[in-house]
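Student: A structural model of the following input is requested.
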Amino acid sequence: MEAEDSALAPLSALQHLAFCARQCGLIHLEDAWAENALTAEGRVLHERVDNAPGETGRGVRIARGVPLRNLRLGLVGRADVVEFHNRRGLPPLPCPVEYKRGKAKPHDADRVQLCAQGLCLEEMLGLDVPGGALLYGETRRQEVAFDAALRARTEALAGELHALLASRITPPPEPGPKCRSCSLEPFCLLTLSGARSAAVWLDRTLRADAAEGGAEGGAAGGAAGAAEEDSP
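Tutor: A predicted model of the protein is given here:
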């Protein structure tokens, strides 16, 4: 059964779920997001890739920021890059390429996201997509085969993702070593201190900051005016 456009889940959510179910819930159910040095580096890397021109050479055409969709799995998103490799007498072979910061991770979240992109391309183009590639900032290109095990894992997670989003319930924390690299760790641990949700805590924090800013507005405004007058 194919999903309606309104029921499509973002490919990024699949990657978040593969990494941590709670992170997925915080981002996609509670609209929580926080940037740290790692996420900022990744964002800049993706912006550079998106803004680079497409190119053709050595039998390969490179398309950037390619929209993707798989109605059977109910997924939508885009690929950083899709390489189309020329084949004599056959349509070009698509190969999704995802750019990531750092180096290869011990978990499979990046491979799942890449495989999902391949499944989108297969449905959209009617072609077999046997594999893709991950390009990490600190290592060389890593080829990823879309074998039966990875495909099954990706499709199973797609089902889990839709169930999670439909439940509207953010999973509980599962503390572990990976938490150290997660920009949402402060939000994640809020439930342990009694907050109802990250969204509630964030709303309270923003209100408190706004009230404090209003109280200090007069003094701050005077300082800003003096600074402007002293500027060359």
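
Student: how does this protein divide into domains?
Tutor: Split into domains by automatic domain parsing, the chain comes to 5-178, 195-232.

Student: hey, which of the ones you listed is tucked in deepest?
Tutor: Comparing those by mean neighbour count (mean count of other Cβ atoms under 10 Å), domain 5-178 comes out on top with a mean of 17. Placement of C-beta: from N, CA and C, glycine included.

Student: helices and strands around the helix of greatest length in the chain, which ones?
Tutor: Taking DSSP state H as the criterion, the chain has its longest helix at helix 148-167. When contacts are defined as 3 or more Cβ pairs under 8 Å, 6 or more residues apart in numbering; DSSP states H and E, helix 148-167 packs onto strand 9-10, helix 11-19, helix 21-28, helix 109-125.

Student: now for the third one, which elements pack on it?
Tutor: Think helix 21-28. Using 3+ Cβ pairs under 8 Å, 6+ apart: helix 21-28 touches helix 11-19, helix 148-167, helix 185-188.

Student: does P175 count as helix, strand or coil?
Tutor: Judged by DSSP: H, G, I helix; E, B strand; the rest coil, the three-state class of P175 is coil.

Student: I'd like to know how far it sits from L189.
Tutor: 8 Å (Cβ to Cβ, to the nearest Å).

Student: just G65 next, same as before
Tutor: 35 Å.

Student: for G102, same thing?
Tutor: 24 Å.

Student: List the contacts of L161.
Tutor: Listed by Cβ atoms under 8 Å, 6 or more residues apart in numbering, the contact set of L161 reads 9, 13-14, 17, 24.

Student: Return the member of these nearest to A149.
Tutor: Checking the contacts of L161 against A149 with Cβ to Cβ, the nearest one is L14 at 16.4 Å.

Student: hang on, isn't the closest one packed against E155?
Tutor: No. Checked against Cβ atoms under 8 Å, the pair L14 and E155 is beyond contact range at 10.3 Å.

Student: so where is the protein shaky, pLDDT-wise?
Tutor: Scanning the chain for pLDDT under 70 picks out the ranges 1-6, 33-57, 138, 190-206, 208-209, 212-232.

Student: same for the longest strand anywhere in it, what does it pack against?
Tutor: If you go by DSSP state E, the chain has its longest strand at strand 75-87. Applying 3+ Cβ pairs under 8 Å, 6+ apart, one finds that strand 75-87 contacts strand 9-10, helix 11-19, helix 37-51, strand 60-70, strand 90-100, helix 109-125.
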